[in-house]
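A.B. asks: Dropping a prediction and its sequence here:
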Number of protein chains: 2
Amino acid sequence: MNASPVQARRVVLAARPDGRPRLPDFRLEEVPLRAPGDGELMLRTRYLSLDPYMRGRMDDRKSYSPPTPLGDAMEGEVIADVMQSNHPDYHPGDLVLARAGWVTHALSDGTRLTKLDSRFTPVTTALGVLGMPGFTAYAGLLNIGRPQPGETVVVAAASGPVGSLVGQIARIKGARAVGIAGGSEKCAFVRDGLGFDAAIDHRAPDFVDRLAAACPDGIDVYFENVGGAIWQAVLPRLNTHARVPVCGLIAQYNGPGAGGPDFLATTMREILSRRLTLTGFINYDFAKQRPAFLDEVSGWIADGRVRYREEIVTGLENAPEAFIGLLEGRNFGKLLIDLAAEPVSSLHGPGPNDVS
Amino acid sequence: MNASPVQARRVVLAARPDGRPRLPDFRLEEVPLRAPGDGELMLRTRYLSLDPYMRGRMDDRKSYSPPTPLGDAMEGEVIADVMQSNHPDYHPGDLVLARAGWVTHALSDGTRLTKLDSRFTPVTTALGVLGMPGFTAYAGLLNIGRPQPGETVVVAAASGPVGSLVGQIARIKGARAVGIAGGSEKCAFVRDGLGFDAAIDHRAPDFVDRLAAACPDGIDVYFENVGGAIWQAVLPRLNTHARVPVCGLIAQYNGPGAGGPDFLATTMREILSRRLTLTGFINYDFAKQRPAFLDEVSGWIADGRVRYREEIVTGLENAPEAFIGLLEGRNFGKLLIDLAAEPVSSLHGPGPNDVS
């Protein structure tokens, strides 16, 4: 029940980006955090997850979640230690998943926390292949994409945490997996490291032709997490009755292009003439399937049928730059911020080994 | 086995339209038709159906059906009498549904014909409420739209053969039906004649506000058969998990607009954030449901729960102008060409009463 205040560090939304976020849109702050009250606990962040959806929260625009208020901490999921606890269900040293945001420390009343057990080894998988990105891939592909043996599944950002699992599950289900990624290093990983049937570099000048060559029987499932030019390239290759789970649109998160021809008419015409189904989804629409996902995918990892890659950046102060890079595809694998090196000297009050 | 040749009249595709079709894109021809051979029969058209999909066949562009070759008769479904028959299953006087095209007479080998029984009373229902347009409404609404009691269903071209049935079935299923139509006369018919809960004139300057007011709980199903500006007005009102059967896009059949902002990004963002499902379909994707459709909808007509409206234009020579008007929304109800008044004097050989 020791309960001394600490100085927490956090990254807040300083300004709403006009298009691509820039460093001045973020601000690193130090704020005192009061001691946990009755029934509360204090978390110390170990890892912060950086994900494309966070870009949407920076805009003042209606979406499936409300925007982050200016001056508030950026939202995000973290893996945290319980540092102090006045809550009967949590004890110092417990490892939990929490929506604490871009912060070093946070108070919690114990709701919306998930204790992490030994299935999450290493623990960072709870933010990646066995976390929200992995479940997004699993739920969207199996419920909406529904790949059949022999069909062709295409996914972009294929070296990332969602795309990499989409392709690997497609192959487990007997489909061909074609990945799109940026640059030869990522493509080599997608093909040789993850076992996709083909990987196409969207930066190649003959990208459209290469995509066509990699999909000689057309495309039956396109898992959409990019939008923009890649959608334009995929659309003409979609087969009759193709399914398009719409999971993300990272290419347009920084705002629409500067006009140009109206691609909507083309897309609608193809939806009609090839009887396509486009379905947007958010992973929590399928929350009931999460236990099955954890069992199944952790089994595939144990069997060596599913592999994943992480890119870990050290220090909360580097999160804004890492996030800006994520939106430009500069990360290679699931992007995490490691906060273990946060200077203990900035903490006032007991360190993690001092809690009672 | 009397088998004299006749002079048939037909409307052929003279030129591919550049945008909106014009009268010179069509040509009325008179051609001799040989007598039916062994196993063949000769049809005499009674009614020709004019439908928006025909515009797509005029373009030299890949779609779900190949384009009509230049110089060939325009495609279309007709109700015809069997005039002469060397086929064991058909006898003079039989009434059939056939894909004969914009022609007064045609030969058939007996395949792809449907005999019309007394359920089709009047017989023109076989081209409208109990034909392809009606089945399109039924299959798309019930399989893809899936309206639930209390939900709001919106359909445009609501006084036409597809839209009018969409709204009436929506109400039978316990949903609210909101129709969009062009002009006060059509809107009055949709509301008072067909029993929709509301009808909105898309020509009204405050159309967008009126649509919002008519859908206070948002839109759960939008049956898309128009596209263009109406889609832009509907999109912001769609509820989470709304379903959009994409049946037609008459507003863009005459070609895309002259550029402008890229509406695709907006549409994709809404698909994602509100988890919409857009599914294109063609009525024959659901061909197995056609018997159930006929039973059910003919029952609803008999009960007075479904009403319909036809606009009948006389004379094959007037079909091109009527069709151009259809694409501009000038028809009011299911548009048919009545060929009964075709001048018998233009027929060489026996008239319909002369066949043996």
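C.D. replies: Nice, thanks for sending it over.
A.B. asks: now for whichever strand or helix holds residue A:164, which elements pack on it?
C.D. replies: Per DSSP states H and E, residue A:164 falls inside helix A:161-172. Counting contacts by 3 or more Cβ pairs under 8 Å, 6 or more residues apart in numbering or on different chains; DSSP states H and E, helix A:161-172 is packed against helix A:132-139, strand A:152-156, strand A:176-181, strand A:219-223, helix A:290-302. Where you see a C-beta, it was placed from the backbone N, CA and C, and this is true even at glycine.
A.B. asks: Could you tell me which residues of the stretch 51-200 of chain A lie near chain B?
C.D. replies: Those residues of the stretch 51-200 of chain A that sit near chain B, judged by Cβ under 8 Å from any Cβ of the partner chain, are A:56, A:62-64.
A.B. asks: Export these as TSV, with columns for neighbour count.
C.D. replies: Shown next, in TSV, are these (neighbours: other Cβ atoms under 10 Å in any protein chain shown):
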residue	neighbour count
A:56	19
A:62	12
A:63	16
A:64	15
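A.B. asks: May I ask which two of those are separated the most?
C.D. replies: Spatially, the most separated pair among these is A:56 and A:62, at 10.3 Å (Cβ to Cβ).
A.B. asks: Now find how far off-centre stretch A:50-68 is within its chain.
C.D. replies: Stretch A:50-68 has its C-alpha centroid displaced from the chain centroid by 13 Å (Cα atoms, centre = their mean, to the nearest Å).
A.B. asks: ok, now stretch A:95-114?
C.D. replies: Worked out by Cα atoms, centre = their mean, stretch A:95-114 lies 18 Å from the chain centre.
A.B. asks: how about it: buried residues?
C.D. replies: Of all the residues in stretch A:95-114, those buried under the rule 16 or more other Cβ atoms under 10 Å in any protein chain shown are A:95-98, A:100-108, A:110, A:113.
A.B. asks: Any regions of chain A where pLDDT drops low?
C.D. replies: A:1-5, A:255-261, A:341-356 (pLDDT under 70).
A.B. asks: Going by residue numbers, what spans are helices in it?
C.D. replies: A:54-57, A:132-139, A:161-172, A:184-188, A:207-214, A:228-234, A:263-273, A:290-302, A:319-327 (DSSP state H).
A.B. asks: got a markdown table for the ones you listed, with distance to residue A:200 too?
C.D. replies: Formatted as a markdown table, the helices of chain A follow (distance: least, Cβ to Cβ, whole Å):
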| stretch | distance to residue A:200 |
| --- | --- |
| helix A:54-57 | 25 |
| helix A:132-139 | 19 |
| helix A:161-172 | 12 |
| helix A:184-188 | 7 |
| helix A:207-214 | 5 |
| helix A:228-234 | 9 |
| helix A:263-273 | 20 |
| helix A:290-302 | 24 |
| helix A:319-327 | 21 |
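A.B. asks: List the residues that contact the one residue sitting closest to the centre of chain A.
C.D. replies: Note on chain A: the residue nearest the mean C-alpha position is residue A:51, at 3.9 Å, using Cα atoms, centre = their mean. Taking Cβ atoms under 8 Å, 6 or more residues apart in numbering or on different chains, we find residue A:51 in contact with A:76-77, A:132-133, A:326, A:335.
A.B. asks: what does residue A:104 give?
C.D. replies: Residue A:104 touches A:8-10, A:44-45, A:316, A:339, A:342, counting by Cβ under 8 Å, 6+ apart.
A.B. asks: same thing with residue A:188?
C.D. replies: Per Cβ under 8 Å, 6+ apart, neighbours of residue A:188: residue A:199.
A.B. asks: Near residue A:209, how many other residues are there?
C.D. replies: Residue A:209 has 12 neighbours, counted by other Cβ atoms under 10 Å in any protein chain shown.
A.B. asks: Do I have it right that residue A:21 meets residue A:326?
C.D. replies: No. Here residue A:21 lies out of contact with residue A:326, judged by Cβ atoms under 8 Å, at a distance of 10.2 Å.
A.B. asks: Tell me how far residue A:208 lies from residue A:236.
C.D. replies: In this view, residue A:208 and residue A:236 are 9 Å apart by Cβ to Cβ, to the nearest Å.
A.B. asks: what does residue A:213 give?
C.D. replies: 14 Å.
A.B. asks: rewinding a little: output the helix holding residue A:164 as CSV, nothing but the C-alphas.
C.D. replies: Provided in CSV are the C-alpha atoms of helix A:161-172 (Å, rounded to 0.1, in the frame of the first residue of the first chain):
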residue,chain,number,x,y,z
PRO,A,161,2.2,-7.3,-38.4
VAL,A,162,-1.2,-7.5,-40.1
GLY,A,163,-0.1,-8.3,-43.7
SER,A,164,2.5,-10.9,-42.7
LEU,A,165,-0.1,-12.9,-40.8
VAL,A,166,-2.8,-12.5,-43.5
GLY,A,167,-0.5,-14.2,-46.0
GLN,A,168,0.7,-17.0,-43.7
ILE,A,169,-2.9,-17.9,-42.7
ALA,A,170,-3.9,-17.8,-46.4
ARG,A,171,-1.3,-20.4,-47.1
ILE,A,172,-2.3,-22.5,-44.1
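A.B. asks: How far does that helix sit from its chain's centre?
C.D. replies: 14 Å.
A.B. asks: tell me the angle that helix makes with strand A:176-181.
C.D. replies: 160 degrees (axes from the mean of the first three to the mean of the last three Cα atoms, to 10 degrees).
A.B. asks: angle of helix A:161-172 against strand A:152-156?
C.D. replies: Using the same axes, to 10 degrees: helix A:161-172 against strand A:152-156 is 170 degrees.
A.B. asks: OK, contacts around the nearest residue to residue A:230 once chain neighbours are set aside?
C.D. replies: Spatial nearest neighbour of residue A:230, excluding adjacent residues (Cβ to Cβ, 6 or more residues apart in numbering or on different chains): residue A:156 at 5.0 Å. Contacts here follow Cβ under 8 Å, 6+ apart; on that basis residue A:156 touches A:163, A:179-181, A:202, A:223-226, A:230.
A.B. asks: what do you get for residue A:195?
C.D. replies: Counting by Cβ under 8 Å, 6+ apart, residue A:195 has contacts A:168, A:171, A:177, A:307.
A.B. asks: what's the answer for residue A:42, then?
C.D. replies: Residue A:42 touches A:6, A:33, A:35-36, A:82-85, A:105-108, counting by Cβ under 8 Å, 6+ apart.
A.B. asks: try it again with 6 Å
C.D. replies: Contacts for residue A:42 (Cβ atoms under 6 Å, 6 or more residues apart in numbering or on different chains) come out as A:36, A:83-84, A:107.
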